[in-house]
Structure formats: structure tokens, C-alpha cells
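Asks: Quick one: sequence and predicted model below, then my questions.
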Amino acid sequence: QGHLSRLLAFGLGLSVTAVEGDGRLAGTAERFDRELLRELGKMGVPGKKEGPPRRRQNPPRRPQSPLTPRGPRHVAGRLDPGAPWGEFLLPPDPPGPGPAAKNPLGGPGGSEKGERVLVTGLHACGDLSPALLRHFARSPAVAAVASVACCYMKLSTPPQPPGSPPGYPLSAWVAGLPGHELSYRAREAACHALEEYTGRLGGESGRLRAHCYRAVLETLIRAADPGKKRPGVQTVKKAHALSFPQYARLGLPRVGLDPAALPLDSEAVGAMLEQQHKVVAFFSLTLLLAPLVETLILLDRLLYLREQGFQCALVPLFDPRSSPRNLVLVAARTPLGTALSGLDEDSSEDEDAGVTEPPGEGQD
């Protein structure tokens, strides 16, 4: 819904084009922008001029005022990881209300006006993060990339159809490493919040009950439909405050099952619910190994970029208690020293900013 692009544009005064795969969310982001512009108008900030934002020559490192009326431009479309940079935009799914957007990076040299750009993705899900890295590697118009990944379980893995490169592994080195394969379960575990879970264990939180609920629910789902090996049951809000039958009645319809057809109050279900301590112990052991899986995935991406000849680094940019995916993969076509030299200074000035700037001057 454009939260990152809104911060970069209104908060830092940067020229921002945001690509959103869901046309409806792109429309929602534009509505939020208009609401913020109205609030800025009430504060006496001059209104935004019509037309796309102009590129400033040698923009200041920080904006002159806390907020600027320089809003982002939102484009509805999806990234095609296998296409050339100038053809990377596919139609959104579902489509937005307006006509198909022109590829914002399809002009001479790879960008709309021949300018160099910074590509960034905050919690880019599944194969979207590898797609950003591949487009950076093949497009000279992209000066740098900053990627914070998410949803490792949604990464594609070999074997893949011809012309569809996998999301993992990316690097030739990891691809040649014996035993490099990662199961869906291993990649899913790498997405959990280790620091938050540690706090729950220390406080004997009632929220731990939700893990046992999920385990029992998946057991019932597989018994009713053995073909559902990984049922896509989304998070049930405040599950720990519900009884198991209440929780199951909310979760089962999401996988196409009728709660009335399953024994939610049986002795067998009660016996499984009494095994909560074993579920917590198993989940704790899983989380102990989760950082190793995430490290392998992120190092694979770093090695891929180094194999392409780029300078890159993994930076723990903010407190993992704010978000467990706090490692930022940054890469540039120029030495990273200048880009990263001010990071400690920026962090000391504003620990909550969590934003790096593109390397060099005059880049959008």
C-alpha cells in the first residue's frame, strides 16, 4: 500500500516510482498519498505541482523540512524475472481500474529518462527478491540495489521449466555445493521471529497455545484430505484467546473444509491439545536452526552478486525485534565504502530511520 515509497518520497524528498503487483493496492496507495497531501496543505506546506516529479541536481542529503509535497508515482505491474530490463513489467494481478501502465523503466538506457536508479524492495516476498537482483545485474541503468527479503518458503527451487530460473539457489557456488537443497519446511522456519518467540518463552505467554492449535488443525486437515500436505491456513487473529473449536471454525473454511464435518471436540483432539509442551519444544528446536537456513539463502544471493563482479554487503540495519527480517543486502556498481560510510552516523542520529541512500550524488 505504498508505505515505503511514501516515506522515501514525502519524508526524504526522493523521486520514487513504486511498482505494485496488485492493481487494487496501487489504487489504495494513491488514495493514502492524496490524504497525506491534504494534511500537508493544512500544515502550510506548498502543494504538489502537476506532472511527475522532476529530478533535482545534487539533492541535499536530508530534506530541508520534515515533510515535502513530493509524492511517489505508483505503477501497477508484476516483475518478470526472465525478461530484459526494458520489458520487465507484466500486467498486475488482479488488474487495476485504469489502463495498463507504461513500463517506468523502459526508456533509453533502461530508465524512463536515461537516469540511473536505485532499486529497493522492503520485505519483497519469495521470488521477487531474486528478480530484483537479476534485474540489477543485467541493467547498467540501475546504480544500486537494497533488498530486504521475506517469505523464503515461496522461493522457487529446481527443477524449473526452461527459461524460468529458480529463486534458490542463485549462485553457481551454492548450486555446486553438495546438500544445498532446502525443503519447504526449512525455508518456512527461516521466516519466523526468533527474538519475539524468545520473549514468549521467557514470559510463559499464552500465545504459545497458537502453535499447538495450528499443529492439531493441520493434523485434522490432512486426515480429512490427504492431498493437502501444506494447507494454506492464514493467521487467525488472537488465536490464543479462542478455544480450539472456535479457532478451527475460522481456519477450516479457508482450506475448503466444513467445520461441521470434523470432530472438533473428540477425545483424540483433546489428547493432542494436551501435547502443547511437546509442540513448543519442537518449535523451539526448529527456530534454533532457522538462522542457519536464512544465512545460507542470503549468502547465496551475496555470492551471486559477487560472481557478477559487484561489490555487496549484508547489513543488519535495524533491531530484529522491530522486524525479524532486518538484514539488508546492498550492492552497487561503484565501491560501497562511500555509500555505507555514513550509516553509523545516520543510525546514531535517528535509530528508527532504517533507510539508506543510493551511492553517489544525483541518483534517483
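Replies: Now that the structure is in, tell me what you want to look at.
Asks: Now name the helix or strand holding Asp265.
Replies: When elements are assigned from DSSP states H and E, Asp265 belongs to no helix and no strand.
Asks: how about the nearest residue to it once chain neighbours are set aside, what does it touch?
Replies: Leaving aside its chain neighbours, Asp265 sits nearest to Pro245 (6.1 Å; criterion: C-beta to C-beta, 6 or more residues apart in numbering). Using the backbone N, CA and C atoms, a C-beta is placed for each residue, glycine as well. By C-beta atoms under 8 Å, 6 or more residues apart in numbering, Pro245 lies in contact with Pro259, Leu264, Asp265.
Asks: what about burial for the residues you listed, which qualify?
Replies: Leu264 (16 or more other C-beta atoms under 10 Å).
Asks: tell me the least confident of the contacts of Pro245?
Replies: pLDDT is lowest at Asp265 among these; the value there is 81.
Asks: Next one: it from Arg187, what distance?
Replies: Asp265 sits 35 Å away from Arg187, going by C-beta to C-beta, to the nearest Å.
Asks: Counting neighbours, what do you get for the nearest residue to Leu67 once chain neighbours are set aside?
Replies: Spatial nearest neighbour of Leu67, excluding adjacent residues (C-beta to C-beta, 6+ apart): Phe10 at 5.3 Å. Counted with other C-beta atoms under 10 Å, the neighbours of Phe10 add up to 24.
Asks: Quick one: residues contacting Phe10.
Replies: By C-beta under 8 Å, 6+ apart, the neighbours of Phe10 are Leu36, Leu40, Leu67, Thr68, Pro69, Arg70, Gly71.
Asks: Helices - which of those residues land there?
Replies: Leu36, Leu40 (DSSP state H).
Asks: Which of the contacts of Phe10 sits closest to Phe310?
Replies: When the contacts of Phe10 are compared for distance to Phe310 (C-beta to C-beta), Arg70 wins out at 29.6 Å.
Asks: Test my guess that the closest one contacts Gly11.
Replies: No: judged on C-beta atoms under 8 Å, Arg70 makes no contact with Gly11 at a distance of 9.8 Å.
Asks: which one of those two has more residues nearby?
Replies: Shown here are Arg70 and Gly11; by other C-beta under 10 Å, Arg70 has more neighbours (20 against 16).
Asks: Looks like Val233 contacts Gly256 (just checking).
Replies: No: when contacts are counted by C-beta under 8 Å, Val233 is not listed as touching Gly256 (11.0 Å).
Asks: Next one: the residue nearest to Leu67 from Asp33, what distance?
Replies: Phe10 sits at a distance of 8 Å from Asp33 (criterion: C-beta to C-beta).
Asks: Give the intersection of the neighbour lists for the two.
Replies: Gly71.
Asks: circling back to that earlier point, tell me the secondary structure at the residue nearest to Leu67.
Replies: Following DSSP: H, G, I helix; E, B strand; the rest coil, Phe10 is assigned to helix.
Asks: Quick check, pLDDT for it.
Replies: The per-residue pLDDT of Phe10 was computed as 81.
Asks: Check Gly309 too.
Replies: pLDDT for Gly309: 91.
Asks: what number of residues lie near it?
Replies: Neighbour tally, Gly309, other C-beta under 10 Å: 8.
Asks: My guess is Glu20 contacts Ala26. True?
Replies: Yes: if you go by C-beta under 8 Å, Glu20 and Ala26 touch, sitting 4.1 Å apart.
Asks: can you list residues touching both of those two?
Replies: Common neighbours of Glu20 and Ala26, using C-beta under 8 Å, 6+ apart, are Gly2, His74, Val75, Ala76, Pro92.
Asks: ok, the one helix or strand the second one maps to: who's next to it in the sheet?
Replies: Using DSSP H and E, His74 maps to strand 73-76. The sheet places strand 73-76 alongside strand 17-20 (parallel), with pairing taken from DSSP bridges.
Asks: residue ranges with poor pLDDT in the stretch 51-200 of the chain?
Replies: When residues are selected by pLDDT under 70, those of the stretch 51-200 of the chain lie in 51-66, 81-114.
Asks: and the closest residue to Val233 other than its chain neighbours, how many neighbours?
Replies: The shortest distance from Val233 to any non-neighbouring residue, by C-beta to C-beta, 6+ apart, is to Gly251 (4.8 Å). Residues within reach of Gly251, counting by other C-beta under 10 Å, total 23.
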